[in-house]
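Undergrad: coords please:
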Amino acid sequence: MSVDRDHVRIAEALLFAASEPLDLATIAKRLPDSVDASVVMAALAEDYRGRGVEPVRVGEKWMFRTAPDLADALAEHRVTPRKLSRAAVETLSIIAYHQPITRAEIEELRGVAVSKGTMDVLMETAWVRPRGRRQTPGRPVTYGTTDEFLIHFGLSNLNDLPGIDELKATGLLSAEPKDPGLFDGGNGNGTA
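TA: Predicted coordinates:
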């Protein structure tokens, strides 16, 4: 059965431009009514056989994927720097200094809610992970830093985190905290 090359080109362009895999119904909507999208996709797959990229069926959807035999040639080990938002930096700092700590405790210290996205970013970087559950009503999850956190920041252990005097000396903290009870659980004695 002969397939119109223009139909194959349309399917190719759709897959190339798509940000996610496309199902046959989506591809068929862009083709003339009398055209069988599965035949067009089979022709497209045949056209790409043995090439560097190929259309593949994943479940019920189609997408372009690099040829599996080229995986070694494409492997690249590159560190992609990510800039953390201010909220993520604040949250990471609170976790580092007060771990294990619950989300509610982080929110209490920050004074604002911690978004799921902020926690997701910190866990994706592998700097934070769940540490267990607090033995209190509701059994909230606690969070702590990981070895990846220590490695990234050049720390051998958490005792290497800068103390209050070091942070004041660098100008990162003012001489007097705005709320003396902020870091001591509100008991006023300065202990954490």
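
Undergrad: And the residue nearest the centre of the chain, how far from residue 118?
TA: For the chain, residue 124 is the residue whose C-alpha lies nearest the centre (CA atoms, centre = their mean; 4.5 Å). Distance from residue 124 to residue 118, counting by CB to CB, to the nearest Å: 11 Å. All C-beta atoms are positioned from the backbone trio N, CA, C, and that covers glycine.

Undergrad: Below-threshold pLDDT in the chain: ranges please.
TA: Along the chain, segments meeting pLDDT under 70 span 1, 77-82, 172-192.

Undergrad: Which stretches in the protein count as helices?
TA: Listed in chain order, the helices of the chain (DSSP state H) span residues 5-17, 24-29, 37-48, 71-74, 86-98, 103-110, 116-124, 147-152, 164-169.

Undergrad: Among these, which comes closest to residue 134?
TA: helix 103-110 (9.0 Å; CB to CB).

Undergrad: Just want the angle from that closest one to helix 116-124.
TA: 110 degrees (axes from the mean of the first three to the mean of the last three CA atoms, to 10 degrees).

Undergrad: orientation of helix 103-110 relative to helix 86-98 in degrees?
TA: Using the same axes, to 10 degrees: helix 103-110 against helix 86-98 is 110 degrees.

Undergrad: returning to that earlier point: just put the helices of the chain in CSV and tack on distance to residue 136.
TA: Output for the helices of the chain, formatted as CSV (distance: least, CB to CB, whole Å):
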stretch, distance to residue 136
helix 5-17, 52
helix 24-29, 49
helix 37-48, 56
helix 71-74, 48
helix 86-98, 16
helix 103-110, 10
helix 116-124, 20
helix 147-152, 25
helix 164-169, 28
